[in-house]
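Enquirer: kindly generate the corresponding structure for this input.
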Amino acid sequence: MIYRAKAPLRLGFAGGGTDVSPFCDLHGGLILNACISMYAYATIELVEEPEIVIHAIDKKETYTFPFAEELPINGELDLLKGVYNHLRKAFPESPWRGFKLSTYVDAEAGSGLGSSSTLVVAIIGAFMEWLKLPLGEYDIAQMAYHIERNELGMAGGRQDQYAAAFGGFNFMEFYENDKVIVNPLRIKQPVVAELENNLLLYYTGTSRLSSLIIEAQSKNIAGKKDSSLDAMFQLKEQARQMKEAILKGRLSEMGHILDFGWQHKKRTADGISNPLIDKIYTEAIAAGATGGKISGAGGGGYMFFYCPANTRFTVSESIQQFGGQVKKVAFSLEGLTTWTYTEK
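Expert: Below is the predicted model:
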């Protein structure tokens, strides 16, 4: 038998960064995001040998270990090993045995699409399918967050795990004590179709270490830096504005709301933008986009733009000069999906 799972990556439309401590603990965070049809995949195959094989297909890395209750955390595919270590402790009575875990992500590392957290959710899903673990969406997302942030010590926010588990369009609320409320949004199909037609996704060709930017944001908030704190409150307001615009189908406002958030996002920490990102953004606006932003923490990875009235095509042509890749946006309304396959 083969046990598989896939979870969707996400675009953060508004409120990015307000899901990071200490801001959300002190003031509450708001984020509006949507999942797209790019995925993280995980597959578990049982093996006869008393061993554990972990294989990151996209990274071309494979490691084999004797079957054990815990795998070493040493910088080599720690996300894969961290999930196993956590589940082995949390569910010791499950029928554990030798297996091979294989993973793949549709986006590059440092993409800004939540790839690391989405991968953790997919891996949990594959184990859940194999071991029949009684986990719901909130359980999976909270577990993924705990593994990344607390057990592996990776800096970051909370939105990615919940987006991957739930899928679709979500308005999320973040509070102290790791409390998260996910409000799925019922978006009319013509609005979804128009968003897909007018959004342009652009990979800058550069990646970034999001943890450095997130740590700087957290430090600025903890130190009560006025400009950063005010920018965070403006990003919360952006999330409210985006929610109303999308639910009411007022997409003519979307580009301006994205630009409003982007200008304030850059105030939360150094390194969110750079000369290349600024040039791409300026060129896209000149070619007809009404707004956009970097996806995720910033510094590199993917950008996306709202391009009304068929300006997507002229924007695409104009930013090709920067050597990146233009991609079409398609939304994924389903979150984590798992299944078992048996060859007949």
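Enquirer: show me where pLDDT drops low in the stretch 151-300 of the chain?
Expert: For the stretch 151-300 of the chain, applying pLDDT under 70 flags the ranges 207-214, 216, 224.
Enquirer: would you list every one of the helices in it?
Expert: Counting by DSSP state H, counting those that start in this stretch, the stretch 151-300 of the chain has helices at residues 159-166, 189-198, 210-222, 226-247, 254-265, 275-286.
Enquirer: looking at these, which one is packed in the most?
Expert: Sort these by mean neighbour count, taking mean count of other Cβ atoms under 10 Å, and helix 159-166 sits at the top with a mean of 30. Using the backbone N, CA and C atoms, a C-beta is placed for each residue, glycine as well.
Enquirer: need the contact partners of it.
Expert: Identification of contacts with helix 159-166 by Cβ atoms under 8 Å, 6 or more residues apart in numbering yields 7-10, 12, 16, 19, 31, 33-35, 40, 114, 116-118, 120-122, 137-138, 140-142, 144-145, 148, 170, 172, 174, 180, 182, 184, 335-336.
Enquirer: among those residues, which are located in helices?
Expert: Mapping those onto helices (DSSP state H) picks out 116-118, 120-122, 137-138, 140-142, 144-145.
Enquirer: among the residues you listed, which two are most distant?
Expert: Farthest pair in the ones in helices among the contacts of helix 159-166 (Cβ to Cβ) is Ser116 and Tyr138. Separation: 19.7 Å.
Enquirer: comparing these two, which residue is more hemmed in?
Expert: Comparing Ser116 with Tyr138 by other Cβ atoms under 10 Å, the one with more neighbours is Ser116, at 22 against 14.
Enquirer: residues contacting the more buried one?
Expert: Listed by Cβ under 8 Å, 6+ apart, the contact set of Ser116 reads Leu79, Ala109, Glu148, Met154, Gly156, Asp160.
Enquirer: separation between Ala163 and Asn274?
Expert: Ala163 sits 26 Å away from Asn274, taking Cβ to Cβ, to the nearest Å as the criterion.
Enquirer: same deal with Ala141?
Expert: Ala141 is 31 Å from Asn274, where distance means Cβ to Cβ.
Enquirer: looking at these two, which is more packed in?
Expert: Per other Cβ under 10 Å, whichever of Ala141 and Asn274 has more neighbours is Ala141, with 28 against 15.
Enquirer: OK, contacts around the more buried one?
Expert: Ala141 is in contact with Val121, Gln161, Tyr162, Ala164, Ala165, Phe166, Val180, counting by Cβ under 8 Å, 6+ apart.
Enquirer: please redo it, this time with the cut-off set to 7 Å
Expert: Contact analysis of Ala141 by Cβ atoms under 7 Å, 6 or more residues apart in numbering lists Val121, Gln161, Tyr162, Ala165.
Enquirer: could the helices of the stretch 151-300 of the chain go into JSON lines alongside distance to Val329?
Expert: Shown next, in JSON lines, are the helices of the stretch 151-300 of the chain (distance: least, Cβ to Cβ, whole Å):
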{"stretch": "helix 159-166", "distance to Val329": "15"}
{"stretch": "helix 189-198", "distance to Val329": "5"}
{"stretch": "helix 210-222", "distance to Val329": "21"}
{"stretch": "helix 226-247", "distance to Val329": "14"}
{"stretch": "helix 254-265", "distance to Val329": "13"}
{"stretch": "helix 275-286", "distance to Val329": "14"}
